[in-house]
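Asks: starting from these lines, generate the structure:
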Amino acid sequence: MNKNTICIWYDKDAEAAARFYAEVFPDSSVGAVHRAPEDYPSGKKGDVLTVGFTVCGIPCIGLNGGPVFKQSEAFSFQIATEDQAETDRYWNAIVGNGGQESACGWCKDKWGLNWQITPRVLTEAMAAGGEEARRAFVAMMDMGKIDVAKIEAARRG
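Replies: So this is what the prediction gives:
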């Protein structure tokens, strides 16, 4: 067992979410699925209660806790991408599977979990600072999914 694991609250579909993440992202998998030993406020004996999974090497537990708590942008996975093709692949998988587009590289999956699909070129531009970072930032502010070519053009000025 890991010393630190991210626990993500789902209404009732933690296992489906974990299996989706394992299909989409590299170094991701589904581990143990535990069923409730008794009825509980949002489920019945035998329902999936928790599922262990890994997203891009990060250990997580999905908890089917019911509708009491909702996801928010206060927590997100940030996925670094190498190019436009990889950016498109992850973005389209999330949004195309019942998710929702947002701004500046953010999107939300159908379970409400937030994702930042962030090309390394954007991160590198921000780290460069100065005018290069400002131009990349301004370009990013008008985007939903990040357009790598536009960020590269903004970096060059």
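Asks: quick check: longest helix of this structure.
Replies: As assigned by DSSP state H, the longest helix anywhere in the chain is helix 84-96.
Asks: which residues of this structure fall in strands?
Replies: Secondary structure of the chain, counting by DSSP state E: strands at 6-10, 29-35, 48-55, 58-64, 76-81, 100-101, 106-108, 114-119.
Asks: which other residues reach stretch 150-157?
Replies: 119, 121-122, 125, 128, 131-132, 135-136, 138-140, 143 (Cβ atoms under 8 Å, 6 or more residues apart in numbering). Backbone N, C-alpha and C define where each C-beta goes, glycine included.
Asks: meant to ask about stretch 25-45, not that
Replies: So stretch 25-45 is contacted by 11-12, 15, 18-19, 21-22, 46-57, 64-68, 79, 90 (Cβ under 8 Å, 6+ apart).
Asks: tell me the centre residue of this structure?
Replies: W115 (3.2 Å; Cα atoms, centre = their mean).
Asks: confirm for me that that one is in contact with C107.
Replies: Yes. W115 is in contact with C107 according to Cβ atoms under 8 Å; the separation is 5.4 Å.
Asks: which one (most neighbours) among the contacts of stretch 150-157?
Replies: The most crowded member of these, judged by other Cβ atoms under 10 Å, is L122 (27 neighbours).
Asks: list the contacts for it?
Replies: Residues in contact with L122 (Cβ under 8 Å, 6+ apart) are G105, A136, M140, I146, I151.
Asks: and the pLDDT for the third one?
Replies: Looking at M140, its pLDDT stands at 98.
Asks: so it touches V148, yeah?
Replies: No. Counting by Cβ under 8 Å, M140 sits too far from V148 to count as a contact (11.1 Å).
Asks: look up how far E131 lies from the residue lying farthest from the centre of the chain.
Replies: Within the chain, the residue lying farthest from the chain centre (Cα atoms, centre = their mean) is E38, at 31.3 Å. E38 sits 61 Å away from E131, going by Cβ to Cβ, to the nearest Å.
Asks: again with V48
Replies: Taking Cβ to Cβ, one finds V48 at 52 Å from E131.
Asks: and the two most separated of the contacts of L122?
Replies: The most widely separated members of the contacts of L122, counting by Cβ to Cβ, are G105 and A136 (11.8 Å).
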